[in-house]
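Asker: what follows is a protein structure lacking sequence information:
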């Protein structure tokens, strides 16, 4: 028996599926980006009012301002499509690992508890 489009059941994407979709889009801009899901979705505590927190590290030498703008636009578009807010934190590798920022509890938590995408 074939189902028509009206018979199809619409399924809602999980936060991890949405994060993976977002990661694919980011890698179209910066293929060598390191992308980590963190926060409530990574801890399994996500609920319908939660935002999706994603940490992105790009190689040194990238035009970081234009990359941040492009990532913000993608986050808005994919978030809107899925009915949620995608919050991003974007650094170059040097902004993290070549500075005291590498010792911040936030950076330690993201890399320790986050889920690589």
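Answerer: Cool, got the structure. Given the structure is predicted, the values throughout are model-derived calculations rather than measurements.
Asker: spatially central residue in this protein, please.
Answerer: Geometric centre of the chain, nearest residue: residue 54, 3.4 Å, by C-alpha atoms, centre = their mean.
Asker: that one reaches residue 86, doesn't it?
Answerer: Yes: between residue 54 and residue 86 a contact is recorded at 6.3 Å, counting by C-beta atoms under 8 Å. (Each C-beta comes from the backbone N, C-alpha and C, glycine too.)
Asker: name the residues contacting each of those two.
Answerer: Both residue 54 and residue 86 are in contact with 22, 75, where contact means C-beta atoms under 8 Å, 6 or more residues apart in numbering.
Asker: what sits against the closest residue in space to the residue nearest to the centre of the chain that isn't next to it in sequence?
Answerer: Excluding the flanking residues, the one nearest residue 54 by C-beta to C-beta, 6 or more residues apart in numbering is residue 88, at 5.1 Å. Residue 88 makes contact with 54-56, 71-72, 75 under the criterion C-beta under 8 Å, 6+ apart.
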